[in-house]
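>>> quick one: sequence plus predicted model below, questions after.
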Amino acid sequence: MKVRLFAVKAAIVSGAVLLLAVAGLAGEIKGKVSVQGIKSAENIAVYVDTIPDKKLDAPTTKPVVDQTKMTFVPHVTVVQVGTTVEFLNSDPVGHNVYWPSISGNKKLAHNMGTWPKGDKKSFQFNDAGTAGLLCNVHPEMNGYIVVSPTPYFALTDKSGNYEIKNVPPGKYTLKTWSEDGKVTTQAVEVAAGAVTADLTVKK
């Protein structure tokens with residue numbers, strides 16, 4: 001009996017050590033996004049593009065996009081393909097949320113309808129690309145859901161800085177999305193530790 005317990009404990013310890021070793025191999029990509037012809041380097045999405053032959057599980061977390069003071073908050077939300085986003089209405093008036101396309105594909109347009117204060121509606125984004133959020137009731141409202149093909153993404157801060165953590169070692173293509181700028185791509189190789197990748201987004 002003692003031998004069996006010892007074997008079980010040894011297996012648990014070995015498994016824990018293996019998990020720590022694998023986690024230790026993960027790296028991170030960080031850098032700064034500079035802009036040309038664009039007012040701000042903030043809220044630019046930076047993400048690792050599609051990784052061939054790698055199965056990525058859909059996340060279980062459900063980010064919330066609020067509708068408050070006639071604005072979508074946050075203005076830009078980045079999620080992985082397969083993520084369910086919850087849309088909350090915190091305003092005392094009804095909002096009608098819809099997007100006319102995802103990255104220009106009108107077949108992926110969707111109208112979520114109208115709902116009152118305090119209610120939520122959910123939608124699962126299963127297609128990579130960008131959904132421009134609009135409101136039929138309030139045309140001044142707009143926001144964005146950027147759907148990344150991988151879980152390795154970040155949004156830039158006010159200075160254009162970004163950091164993508166827990167990226168497994170490998171060679172990847174970084175992509176950017178900006179509300180006002182063109183897509184930028186850059187090759188990057190990740191190993192254990194941090195790698196710096198600075199990018200420039202142009203109008």
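Nice, thanks for sending it over. Numbers count the residues shown, from 1 in each chain.
>>> hey, what's residue 84 bridged with?
Using DSSP bridges, the beta-bridge partners of residue 84 come out as residue 124.
>>> run a quick neighbour tally on it.
16 (other Cβ atoms under 10 Å). C-betas here are computed from N, CA, C, even on glycine.
>>> which residues sit in contact with it?
For residue 84, the residues meeting the contact criterion (Cβ atoms under 8 Å, 6 or more residues apart in numbering) are 62, 122-125.
>>> output these in a markdown table; the columns should cover neighbour count.
As requested, the contacts of residue 84 are exported to a markdown table (neighbours: other Cβ atoms under 10 Å):
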| residue | neighbour count |
| --- | --- |
| 62 | 13 |
| 122 | 11 |
| 123 | 17 |
| 124 | 12 |
| 125 | 24 |
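>>> could you dump the residues you listed to a markdown table with pLDDT and distance to residue 156?
Supplementary listing: those in a markdown table, determined by pLDDT from 0 to 100; distance: Cβ to Cβ, whole Å:
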| residue | pLDDT | distance to residue 156 |
| --- | --- | --- |
| 62 | 97 | 24 |
| 122 | 97 | 27 |
| 123 | 98 | 25 |
| 124 | 98 | 26 |
| 125 | 98 | 21 |
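>>> can you pull up the bridge partners for the closest residue to residue 111 other than its chain neighbours?
Of all residues not flanking residue 111 in the chain, residue 98 sits nearest, at 4.0 Å (Cβ to Cβ, 6 or more residues apart in numbering). On the basis of DSSP bridges, residue 98 takes part in beta bridges with residue 111, residue 134.
>>> below-threshold pLDDT in this structure: ranges please.
Per-residue confidence of the chain (counting by pLDDT under 70) places the weak regions at 1-24.
>>> which element follows whichever strand in it runs longest toward the C-terminus?
Secondary structure of the chain read by DSSP state E shows that its longest strand is strand 27-36. Beyond strand 27-36 in the direction of the C-terminus, DSSP states H and E gives the next helix or strand as strand 45-48.
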